[in-house]
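Colleague: prediction below, plus the sequence it came from.
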Amino acid sequence: MKKLLILLSFLSLTLNGKEPWDFREETIYFVMTDRFVDGDPKNNDIYGDEYIPGNLKYYQGGDFKGLIENLDHIKDMGFSAIWITPPVMQAPGRYQNFDKSYDAAGYHGYWAWDLSRVDPHLESPLASYADLIREVHKKGLKIIQDVVVNHGHGGYVNPSVKWYDRKGLIYGLGNSFDYENDKHNWFNHKGPAIADLLDFNEDNPETAKWLIEIYKKWQNMGVDAFRIDTVIWMKKEFWKRFTKEIHKNKKDFFLFGEVWTNDDYDLLSSYTKLSSGDPMNSSMSVLDMPGSSMGTWGRLEKVFKGGDYSQVDEVLKNDSKYRDATYLVTFLDNHDKPRFNAPKWDGSPATVEQYTDALNYYFTIRGIPCVYYGTEIMMSGGNDPDNRKMMGIEGIKSAKSSPLYSLIKRLNALRRSSIALQKGKQYKLTSSKDKYSFIRRYKDEEVFVFLNKSNSNADFNPELKRGYYLDIYSGEKFEIKNKKNFTLTVYPHSLRVLKKVED
C-alpha cells in the first residue's frame, strides 16, 4: 500500500507545472462547521437558548478552532479543498415559528441575520475566519464558502422568541433593512419564497448591488470558491450580473450552484451557460444533483445497492447539455437528504462494499468529487437533522481504522496521479448490471476505467492497442500482444485504471 501511494505521488508530481491550474484538479471535503469539532466551548451558548447538546436542531458546538486543529485529518485523506457551511451571523438565539410547529437555531448558517459579519459561535481568540483561511492555505488547501444570496432568516416568529421585536430586520455592510417596513423595496413580498425566509428582491438594482458587494467582501478575505445555495429561487438576469461581478473581482474563482432537480437536465445545465468563456472565469458550474446517491432521492442510490449500471447511462447521456460536464461537482450524499447509510425508516443502510463501489465510481467519472463529512466512518443519518450528526474528536480518531478512510485516501491519490481523471471527457465503453467501463481522455493522455461492483471477479475484454499498460490504481503492469484476445480481470468491488506506458 505504501509503495503504491509513493508511485501515485510520483505520477502526480509529473503533472504539476505542465498544465494551467483549474478547480478540476481539486477534490472536496464538505464539512458542516457546527458538526465537526468543538474546539472552544466558550462560544457555544452565547444567547442562552440556542445550544442544546444532543438536540440536532440546535447548536452542537463545532467551530473554526475545532476545524483548524483537525485540518490534518482532511488533508491526510488526500482532499485539497474544504467546503464549509455559511459562516455569516445567524439570528441571535433560538427560533420558533408563530404557530409553534417548528423550532430550531441557525447552527447551519443558512438563516442570515447579518450577511457581512461572522457568526460568533464559530470564532475564538486566534481562530477567526481570517485565521481559518490562512491556516487552510498554509496546509496547501483551498477553501470554499457556502453562500446564501436569496434570503435571510425566518420572519414568521413566535412572540416568545427573544429577538421578536427585530423579526423583520436584516443587516449587512453596516446597513439594516426591515421586511415589516420595507420602504427601500428590499424584499420580495409577492412570492414565491422558501418557507418563511425573508426573500430578497433581486429586481431592485440597489439590493442586487448590496448583495454583490457583500460577497465581494467575503471573496476578498481569501476564499477560493463559492458554493451558491438556492440558485433556482433567483432570476437568471441576477445570476448573470452576480457571476460577472464576482469573476471580475477575482480571477480563477470557482463558482458552483445548487439547482434542486434530479431530472430536469435542461434547467440544470442552463445555469452553466449564463455567459461565454471558460468555466473558471465565467458563469457558474452546478452540483450534479441527478448523479447523486442521496438516500431516497438520488438517482444512483439504487445502482450501488444492487441495481443496474444502466441508470448511470441515463444520467451521463445528458452531459452534452452542460457547458463542460467535467466541471460538475459530483457527490454521493449531503446534508439535505438521508445519508447513503440511512436508517431503514428514512432510507436504507449501506455496507462497506456498497460504499466502495460508489466511491470508486465518483472518484473516476467526469466532474469534481465532493465527500460529505462522516463518510469516512460510514456515519448513518436519516432526514434533516439526523443527517447532520456531530463528528467530534472520537469520530476523527475512529476514522483511522475505517476501511473507507484508507479507500478515500487511495482514491484521492489515484485521481491526483492522472490529468485525464481530473479533466478528461468521458466516453463509454461497456455497461452491464455490475460492470462498467469508460475512457477518460484529456489532450494526449487517456486512461481506461473498469468498475466491478459484484461479489465475484469480473472479466472485461477491451480492445486496446498493443503495448504495455500500467494499472495506476494497483501498480500492476500488463502487456497486450493481441488486442482482440486480451482479458482483464477486476476483483470484486474494485476497479482498474489502465494507462499506456513505455516498456
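Modeller: Noted; the coordinates are in hand. None of these values were measured; they are calculated from a predicted model. Numbers count the residues shown, from 1 in each chain.
Colleague: verify the stated contact: Lys433 with Val312.
Modeller: No: counting by C-beta atoms under 8 Å, Lys433 stays clear of Val312, with 11.3 Å between them. In this view, the C-beta of every residue, glycine as well, is placed from N, C-alpha and C.
Colleague: how about the strands in the stretch 251-400 of the chain?
Modeller: 254-257, 285-286, 329-331, 368-372 (DSSP state E, counting those that start in this stretch).
Colleague: re earlier: more neighbours: Lys433 and Val312, which one.
Modeller: Counted by other C-beta atoms under 10 Å, Lys433 and Val312 do not tie: Val312 has more neighbours, with 22 against 13.
Colleague: per-residue pLDDT, the closest residue to that one other than its chain neighbours?
Modeller: Distances taken as C-beta to C-beta, 6 or more residues apart in numbering place Val303 nearest to Val312, at 6.1 Å, with adjacent residues excluded. Val303 carries a pLDDT score of 98 in this model.
Colleague: what about Val303, distance to Leu332?
Modeller: 11 Å (C-beta to C-beta, to the nearest Å).
Colleague: now for the two: what residues contact both?
Modeller: The contact sets of Val303 and Leu332 overlap at Ser293 (C-beta atoms under 8 Å, 6 or more residues apart in numbering).
Colleague: my read is that Tyr427 contacts Ile439, right?
Modeller: Yes: in this structure, Tyr427 is within contact of Ile439 by C-beta under 8 Å, at 4.5 Å.
Colleague: any weak-confidence spans in the stretch 251-400 of the chain?
Modeller: Low-confidence segments of the stretch 251-400 of the chain (pLDDT under 70): none present.
Colleague: what segments of the stretch 51-200 of the chain are strands?
Modeller: 81-84, 88-90, 95-96, 103-104, 112-118, 142-147, 151-154, 169-172, 175-178, 197-199.
Colleague: make a markdown table from those and add mean neighbour count to it.
Modeller: Output for the strands of the stretch 51-200 of the chain, formatted as a markdown table (neighbours: other C-beta atoms under 10 Å):
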| stretch | mean neighbour count |
| --- | --- |
| strand 81-84 | 24 |
| strand 88-90 | 26 |
| strand 95-96 | 23 |
| strand 103-104 | 18 |
| strand 112-118 | 21 |
| strand 142-147 | 22 |
| strand 151-154 | 24 |
| strand 169-172 | 20 |
| strand 175-178 | 15 |
| strand 197-199 | 23 |
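Colleague: dump the ones you listed to TSV, plus distance to Asp386.
Modeller: Output for these, formatted as TSV (distance: least, C-beta to C-beta, whole Å):
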stretch	distance to Asp386
strand 81-84	21
strand 88-90	21
strand 95-96	19
strand 103-104	13
strand 112-118	24
strand 142-147	20
strand 151-154	21
strand 169-172	30
strand 175-178	35
strand 197-199	22
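Colleague: which one, of the ones you listed, ends up nearest to Cys370?
Modeller: strand 81-84 (6.9 Å; C-beta to C-beta).
Colleague: partners of the closest one, with directions?
Modeller: strand 28-31 (parallel), strand 142-147 (parallel) (DSSP bridges).
Colleague: for Lys317, which of those is the nearest?
Modeller: Among these, strand 28-31 sits nearest to Lys317 (C-beta to C-beta), with 25.1 Å.
Colleague: would you mind measuring the gap between the ends of stretch 46-65?
Modeller: Counting by C-alpha to C-alpha, to the nearest Å, you get 16 Å between the two ends of stretch 46-65.
Colleague: do the same with stretch 372-391
Modeller: Using C-alpha to C-alpha, the two ends of stretch 372-391 sit 11 Å apart.
Colleague: off-centre distance for it?
Modeller: Relative to its chain's centre, stretch 372-391 lies at 14 Å (C-alpha atoms, centre = their mean, to the nearest Å).
Colleague: in space, what's closest to Asp178 - neighbours in sequence excluded?
Modeller: Here the residue nearest Asp178, using C-beta to C-beta, 6+ apart, is Gly168, at 4.9 Å.
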